[in-house]
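Peer 1: need coordinates for the below:
(one chain, ligands or ions: 1)
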Amino acid sequence: MNIQTVLDHLRGRDDQALFAEAEAVKHAVFGRQVYLRGIVEFSSHCCKRCLYCGLRAPNARAVRYRLPPERVVQAALLAPELGLGTVVLQSGDDYSYDVRTLCDMVRAIKDRSTLAVTLSLGDRPLDELARLRDSGADRYLIKLETTDPGLYARLRPGERLEDRLARVEALRRLGYEVGSGIIVGLPGMTGDILARDVLRLAELDLDMLAAGPFVPHPQTPLGGEPCGGLETTLRVTALLRILSPRSNIPATSALNSLPGAGAGPDARARGLHAGCNVIMPSLTPGDVRRGYEIYPGKNVVEAGARQVVSQVRAAIHQEGFVPSAAPGFAPRSTNAAGTARSQAGRGHCGGQERGQVVAD
Ligand code: SF4
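Peer 2: Alright, predicted model coming up:
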């Protein structure tokens, strides 16, 4: 697909055909399965200053919390009880958890479950990422937000796109499944930049891709900027699905948080029809969950984890899909990454992928 075609689609040329193709492509690879991944947001502390994020270090009004390791493991182990095959451990860039503590958490989860473990911990040093991989971590999420070097540097002070891209490659070499993504409608993101982001993400050949809309946080320098567009975000999602048929693509929680007509839970449901095959309900304990406010509207649900998962299940069924308890390794990497893992003597549970569908 060339950039002009992407631009035309982003402007809304024949949405019906675009979404129909994305859904057909997804169906051919994943059938009606939607993978559920429980996410435990265990620390809202971050040393970075990304202009778009409510957790940025200079935000003195952010609610900060850190969960002790035993609570992280306890929250993660709710996942198999609730029929989820993956847990995602996520935090800001918070180096108060040393690598040994993080490895112990990963090992405790792997020893006591068959869960796939995804990490989203920011820019940890490479030797730490290797130790975490050796402890059993399967995947790593590292967002780009944009692949435009100038915009990236403006929005992430002190950071360089080339360093982030190098980290993506390093994670891949370590044998992780690697996921990344962009924020649609970031201030300063032109249509041309967005179109190039779509093509670049696809070129990176990742296991997971995500596109969420920009939702301004009032306690950040970008608090007065407009939201990213729902329709544009769905078009980006559909394009990513068509360009990367075998990658996992989540319907992001940011879709749920967009204000305005057509947004909310309906928006996430629309994501499932635009090519998404993953939903990530929060398993973060209710007493701290609201503190993980990357953008307003995230984690506002008062319900406990059981109720959240049950509501997500019902919504998936309502859209004609089936929640899956499989770990949900990307089919593009199950063979290649699985071989790499077994050669390295590391565990992986890709063998449970097929037919493990929750019947409820
Ligand atoms: Fe920290 Fe991530 Fe927020 Fe940046 S986007 S301030 S690295 S939590």
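Peer 1: by proximity to the ligand, which residue of the stretch 201-350 of the chain wins?
Peer 2: residue 294 (5.9 Å; CB to the nearest ligand atom). Every residue, glycine included, has its C-beta placed from N, CA and C.
Peer 1: quick one: residues contacting that residue.
Peer 2: Residues counted as contacts of residue 294 (CB atoms under 8 Å, 6 or more residues apart in numbering) are 53-55, 217.
Peer 1: buried ones among those residues?
Peer 2: 53-55, 217 (16 or more other CB atoms under 10 Å).
Peer 1: which one of those residues is nearest to the ligand?
Peer 2: residue 53 (3.1 Å).
Peer 1: before we move on, back to that, what two of the contacts of residue 294 are the furthest from one another?
Peer 2: 55 and 217 (9.0 Å; CB to CB).
Peer 1: residues in the chain within reach of the ligand, list them.
Peer 2: Residues of the chain lying close to the ligand (CB under 6 Å from any ligand atom) are 46, 48, 50, 53, 55-56, 92-93, 122, 294.
Peer 1: for stretch 63-80, measure first residue to last.
Peer 2: 29 Å (CA to CA, to the nearest Å).
Peer 1: just the mean pLDDT for that stretch, thanks.
Peer 2: For stretch 63-80, mean pLDDT is 96.
Peer 1: in the protein, which spans are strands?
Peer 2: 33-43, 86-91, 116-120, 139-141, 177-184, 208-213, 278-279, 322-324 (DSSP state E).
Peer 1: quick one on the thing from earlier: now the residues of the chain next to the ligand in JSON lines, with pLDDT?
Peer 2: JSON lines is the format used below for those (pLDDT from 0 to 100):
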{"residue": "46", "pLDDT": "97"}
{"residue": "48", "pLDDT": "97"}
{"residue": "50", "pLDDT": "97"}
{"residue": "53", "pLDDT": "96"}
{"residue": "55", "pLDDT": "96"}
{"residue": "56", "pLDDT": "97"}
{"residue": "92", "pLDDT": "96"}
{"residue": "93", "pLDDT": "97"}
{"residue": "122", "pLDDT": "96"}
{"residue": "294", "pLDDT": "83"}
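Peer 1: show the contacting residues for residue 267.
Peer 2: Per CB under 8 Å, 6+ apart, neighbours of residue 267: 230, 255-256, 258.
Peer 1: those residues in helices, which ones?
Peer 2: Among the contacts of residue 267, the members falling in helices are 230, 255-256 (criterion: DSSP state H).
Peer 1: now render those as CSV, adding neighbour count and pLDDT.
Peer 2: Putting these into CSV (neighbours: other CB atoms under 10 Å; pLDDT from 0 to 100) gives the following:
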residue, neighbour count, pLDDT
230, 22, 93
255, 27, 83
256, 22, 76
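Peer 1: ok, so of those, who is nearest residue 161?
Peer 2: Distances from residue 161 to these, taken by CB to CB, are shortest for residue 255, at 25.0 Å.
Peer 1: look up the closest residue to that closest one, ignoring the ones flanking it.
Peer 2: residue 267 (4.2 Å; CB to CB, 6 or more residues apart in numbering).
Peer 1: how many neighbours does residue 149 have?
Peer 2: Neighbourhood size, residue 149 [other CB atoms under 10 Å]: 12.
Peer 1: for it, what are its contacts?
Peer 2: 160-162.
Peer 1: likewise for residue 328?
Peer 2: Residue 328 neighbours (CB under 8 Å, 6+ apart): 35, 37, 85-86, 116, 248, 278, 353.
Peer 1: ok, for it, nearest residue in space, not its chain neighbours?
Peer 2: residue 35 (3.3 Å).
Peer 1: and that neighbour, what are its bridge partners?
Peer 2: residue 278, residue 324 (DSSP bridges).
Peer 1: CSV please, covering the strands of the chain and showing mean pLDDT, mean neighbour count and distance to residue 20.
Peer 2: Formatted as CSV, the strands of the chain follow (pLDDT from 0 to 100; neighbours: other CB atoms under 10 Å; distance: least, CB to CB, whole Å):
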stretch, mean pLDDT, mean neighbour count, distance to residue 20
strand 33-43, 96, 26, 18
strand 86-91, 97, 25, 29
strand 116-120, 98, 24, 30
strand 139-141, 97, 26, 29
strand 177-184, 96, 26, 21
strand 208-213, 95, 26, 19
strand 278-279, 95, 25, 20
strand 322-324, 95, 21, 20
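Peer 1: tell me the buried residues within the contacts of residue 149.
Peer 2: Buried among the contacts of residue 149 by 16+ other CB under 10 Å: residue 161.
Peer 1: select from the contacts of residue 149 every entry located in helices.
Peer 2: Using DSSP H, the contacts of residue 149 in helices are 161-162.
Peer 1: now residue 52. Its backbone dihedrals?
Peer 2: phi -100, psi 0 (degrees, to the nearest 10).
Peer 1: and the helices in the stretch 101-250 of the chain?
Peer 2: 126-134, 149-155, 161-173, 191-203, 230-243 (DSSP state H, counting those that start in this stretch).
Peer 1: most tightly packed of those?
Peer 2: helix 230-243 (a mean of 24; mean count of other CB atoms under 10 Å).
Peer 1: show me the contact partners of that one.
Peer 2: 1, 6, 9-10, 12, 15, 18-19, 21-22, 25-26, 182, 184-185, 194, 198-199, 201-202, 209, 211-213, 247, 249, 255, 258, 260, 262-263, 267, 270-271, 274-276.
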